[in-house]
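**Student:** below is the sequence, then the predicted model.
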Amino acid sequence: MSHALDRRLAIIFNPVAGRRRPGLVEQVMAAATDAGSVVALHTTDAAGHATSIARDLARSGTADVIVAAGGDGTINEVVNGMATAGMAEPPPLGVVPLGTANVLAHELGLIGSPERIGRQLALAPSRAVHAGVANGRLFTMMAGTGMDARVVAGIDPVLKRRIGKGAYALGGLREILAGPTLDYDVMLTAPDGTVSRHKAVSCILCKGHFYAGTFVLAPDVRLEQPVLHAVLFTRPGRLAALTYATLMTLDLLAGRSDVLVRPVLSARIEGPTGEPVQGDGDIIARLPVDISIWAGSLRVVGMGVNPPGAPPPSAVPPARSGTDNQ
């Protein structure tokens, strides 16, 4: 998609997520309109509603970009709605970050001021990316089982709305005190077809660069690549879990012998039957789970994370008013 004006944006807005950043959607809409877009707003009223709205919009052909305005869970609903629309190439996806972590928004560079976000949605090019799929459910950034999935499954929605990331910190502390054990049998298929088997206390399949906000588990993976990066934590116990959590926040996990990071085409994870599998911060499947690259087409709007060694992407033209700052 070019930088053409009059881009039709259909924004799917989750008002529950919007309580965290009141007024942001309206400001983004105004900025996108000023940049030449025609904007329509669709508000969700229940869990799963974003999926049906996105499916209908993709089929209708009335939107050039379908924008998910919410948290990572809302984005996941929208992506799955677009994927089930039966279109050879559904409209590109855009994001207005309203949630707790906003991992995909960081990956796409759709962060900062409302003016910046609105102009990117109106003017930034789209590009093809590869989503992942876990037992038939799509995810854009990560899927996994173990400590992080149990934290997600145990989150109190009311507490999450009140204290945001603090709810995840409390859940993480609970899981650390429980002392993770080697519960998971993981079979990985590498890009060359080699199959390896592992035991792990936690396994995360990363499709994007960022995790849980702007933490980095798999430094080299990018949305554009048709591979996943498997991150396996292999040492059990409370001390190991606390160490992993601390080193992740300090960006010091790289190079540890008990943390395996490998490019893969697919993974099968077995463990206690029915244990949760999180994808993009929501529970999307239960064990056992098969995770791979989705065969369908997905495009996204945003400048994106700059891959190592690559020149920086060209910037969206600045706003003439001078208000386009981060």
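**Tutor:** Sure, I can see it.

**Student:** going by C-alpha atoms from here, please, whenever you check contacts or count neighbours.
**Tutor:** Fine.

**Student:** how is this protein divided into domains?
**Tutor:** Dividing the chain into domains by automatic domain parsing, as the record does, gives the ranges 8-131+297-301, 137-293.

**Student:** need those domains in JSON lines (columns: mean neighbour count and mean pLDDT).
**Tutor:** Output for the domains of the chain, formatted as JSON lines (neighbours: other CA atoms under 10 Å; pLDDT from 0 to 100):
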{"stretch": "domain 8-131+297-301", "mean neighbour count": "22", "mean pLDDT": "95"}
{"stretch": "domain 137-293", "mean neighbour count": "19", "mean pLDDT": "91"}
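
**Student:** could you pull out the strands for the stretch 101-250 of the chain?
**Tutor:** Defined through DSSP state E, counting those that start in this stretch, the strands belonging to the stretch 101-250 of the chain, from first to last, are 126-129, 132-134, 137-139, 142-145, 184-189, 195-200, 202-206, 228-233.

**Student:** right, so of those, which gets closest to Thr84?
**Tutor:** Evaluated over the strands of the stretch 101-250 of the chain, closeness to Thr84 peaks at strand 137-139, with 10.1 Å, by CA to CA.

**Student:** for stretch 142-151, C-alpha coordinates in PDB please.
**Tutor:** Backbone C-alpha positions of stretch 142-151 (Å, rounded to 0.1, in the frame of the first residue of the first chain) are rendered in PDB as follows:
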ATOM      1  CA  MET A 142       4.200 -15.000  21.000                       C
ATOM      2  CA  ALA A 143       2.600 -18.200  22.300                       C
ATOM      3  CA  GLY A 144       3.800 -20.400  25.100                       C
ATOM      4  CA  THR A 145       3.100 -22.500  28.100                       C
ATOM      5  CA  GLY A 146       4.500 -22.700  31.600                       C
ATOM      6  CA  MET A 147       4.900 -19.800  34.000                       C
ATOM      7  CA  ASP A 148       3.800 -17.000  31.800                       C
ATOM      8  CA  ALA A 149       0.700 -18.900  30.600                       C
ATOM      9  CA  ARG A 150      -0.300 -19.700  34.200                       C
ATOM     10  CA  VAL A 151       0.200 -16.000  35.200                       C
END
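
**Student:** measure how far it is from the centre of its chain, please.
**Tutor:** Offset of stretch 142-151 from its chain centre (CA atoms, centre = their mean, to the nearest Å): 14 Å.

**Student:** list the contacts of it.
**Tutor:** Outside stretch 142-151, the residues that touch it by CA atoms under 8 Å, 6 or more residues apart in numbering are 132, 134, 168, 171-172, 175, 180, 184, 201-208, 211, 275-280, 283.

**Student:** isn't there a strand covering Ala54?
**Tutor:** No - membership of Ala54 in a strand is not supported by DSSP: H, G, I helix; E, B strand; the rest coil, which gives helix.

**Student:** pretty sure it contacts Asn76?
**Tutor:** No - contact between Ala54 and Asn76 fails when scored by CA atoms under 8 Å: they sit 10.7 Å apart.

**Student:** okay, and the common contacts of these two?
**Tutor:** Taking CA under 8 Å, 6+ apart as the contact definition, Ala54 and Asn76 share no neighbouring residue.

**Student:** hang on, the earlier thing: CSV for the strands of the stretch 101-250 of the chain, including distance to Ala10?
**Tutor:** Output for those, formatted as CSV (distance: least, CA to CA, whole Å):
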stretch, distance to Ala10
strand 126-129, 15
strand 132-134, 24
strand 137-139, 21
strand 142-145, 25
strand 184-189, 38
strand 195-200, 42
strand 202-206, 28
strand 228-233, 30
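
**Student:** grab the nearest non-local neighbour of Pro276.
**Tutor:** Spatially, and ignoring its direct neighbours in sequence, Pro276 is nearest to Arg286 (4.7 Å; CA to CA, 6 or more residues apart in numbering).

**Student:** the one you found against Pro272, yeah?
**Tutor:** No - the pair Arg286 / Pro272 is not scored as a contact, 9.5 Å apart, by CA under 8 Å.

**Student:** ok, and the closest non-adjacent residue to Val301?
**Tutor:** Nearest-residue entry for Val301: Ser126, 4.3 Å, with adjacent residues in sequence omitted and distances by CA to CA, 6+ apart.
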